[in-house]
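> Just need the structure, nothing else, for what follows:
(one chain, ligands or ions: 2)
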Amino acid sequence: MELTWENLENAVRACHGCDLCAERRNAVPGEGNRKAAVLFVGEGPGRQEDEQGRPFVGPAGQLLDRMLSSIGLNREQVFIANVVKCRPPGNREPTQEEAAACLPYLRAQFVLLRPKIIVCLGRTAAMHIVRPDIRITRERGRWVEKKGVYILPTYHPSALLRDETGQKKREAWQDLKSLREKMRELGLYEEP
Ligand code: URA
Ligand code: SF4
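Ligands and ions are numbered 1, 2, ... in the order given. You can find the predicted model right below:
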């Protein structure tokens, strides 16, 4: 089958590639600007994402929107996807098996989008995109370049919601500024 956004979305919505299909209400393929230079990757849908079939629409998503707007971006300018497209029960981490079954969809999204920058939101995204043993607390904010694509590991917004000392929020703000800087460097940033 030809690789198009529509075919990919339909395949995800009908997928029975792993056990997560059993309890999902809606698969969440991802959404955003199909010409975006920046791809954000989370872990997997939560409750509200599962109900709506859309990525990052719950509390973590509201924080993500605020994070984007803090550097003059909005979700219509970027693309937002997840490692797994169906909700892991109770929001547990996806297993290796589930991630392996689902990653071909993320790779297809990467092929369609050809982003210049990938922001890994949290360890799950970073371990599958950067390195399996990545330590997010130690390695967040450090750009990794792979074949001309710049990858930034940072905290997941859910981790920021749980952050009691404010330390992670301060670091996440550094990372957002670093993203804006990289976009400027690459000529991808439109000053708001
Ligand atoms: N958390 C994620 O990792 N992805 C979503 O889409 C929503 C919450
Ligand atoms: Fe298919 Fe991915 Fe959903 Fe598993 S999580 S059923 S591989 S779309």
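> didn't T154 look like it was pressed against W143?
No - contact criterion Cβ atoms under 8 Å: T154 and W143 do not qualify, at 10.7 Å. The C-beta positions use only the backbone N, C-alpha and C, and glycine is treated the same way.
> Between those two, which is the more surrounded one?
A direct count of neighbours by other Cβ atoms under 10 Å for T154 and W143 places T154 higher, at 28 against 13.
> which residue ranges form the helices in this structure?
Counting by DSSP state H, the chain has helices at residues 5-13, 47-52, 59-70, 96-113, 123-129, 136-139, 157-161, 167-185.
> May I see the buried residues of the longest one?
In other words, helix 167-185. The neighbour-count criterion (16 or more other Cβ atoms under 10 Å) identifies 168, 171-172, 175-176, 178-180, 182-183 as the buried residues of helix 167-185.
> Who are the packing partners of that helix?
Packing partners of helix 167-185 (3 or more Cβ pairs under 8 Å, 6 or more residues apart in numbering; DSSP states H and E): helix 59-70, strand 117-121, strand 149-154, helix 157-161.
> got the CA coordinates for that helix in PDB?
Output of helix 167-185 as PDB, limited to C-alpha atoms (Å, rounded to 0.1, in the frame of the first residue of the first chain):
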ATOM      1  CA  GLN A 167      13.800  21.900  39.400                       C
ATOM      2  CA  LYS A 168      12.500  19.900  36.400                       C
ATOM      3  CA  LYS A 169      10.300  22.900  35.300                       C
ATOM      4  CA  ARG A 170      13.400  25.100  35.300                       C
ATOM      5  CA  GLU A 171      15.300  22.600  33.300                       C
ATOM      6  CA  ALA A 172      12.400  22.100  30.900                       C
ATOM      7  CA  TRP A 173      12.400  25.900  30.300                       C
ATOM      8  CA  GLN A 174      16.100  25.700  29.500                       C
ATOM      9  CA  ASP A 175      15.300  23.000  27.000                       C
ATOM     10  CA  LEU A 176      12.500  25.000  25.400                       C
ATOM     11  CA  LYS A 177      14.800  28.000  24.900                       C
ATOM     12  CA  SER A 178      17.400  25.600  23.500                       C
ATOM     13  CA  LEU A 179      14.700  24.400  21.000                       C
ATOM     14  CA  ARG A 180      13.900  27.900  20.000                       C
ATOM     15  CA  GLU A 181      17.700  28.600  19.500                       C
ATOM     16  CA  LYS A 182      18.200  25.500  17.400                       C
ATOM     17  CA  MET A 183      15.100  26.500  15.300                       C
ATOM     18  CA  ARG A 184      16.600  30.000  14.800                       C
ATOM     19  CA  GLU A 185      20.000  28.500  13.800                       C
END
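> Compute the inter-axis angle for it and helix 59-70.
Angle of helix 167-185 versus helix 59-70, following axes from the mean of the first three to the mean of the last three Cα atoms, to 10 degrees, is 50 degrees.
> which bits of the protein sit near ligand 2?
With Cβ under 6 Å from any ligand atom as the criterion, the chain meets ligand 2 at residues 12, 15-18, 20-21, 27, 84-86, 98, 101-102.
> Generate the PyMOL command that creates a selection of the buried members of those residues.
Of the residues of the chain next to ligand 2, the buried ones can be selected in PyMOL as follows, counting by 16+ other Cβ under 10 Å:
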select buried, resi 12+15+17+18+20+27+84+85+86+98+101+102
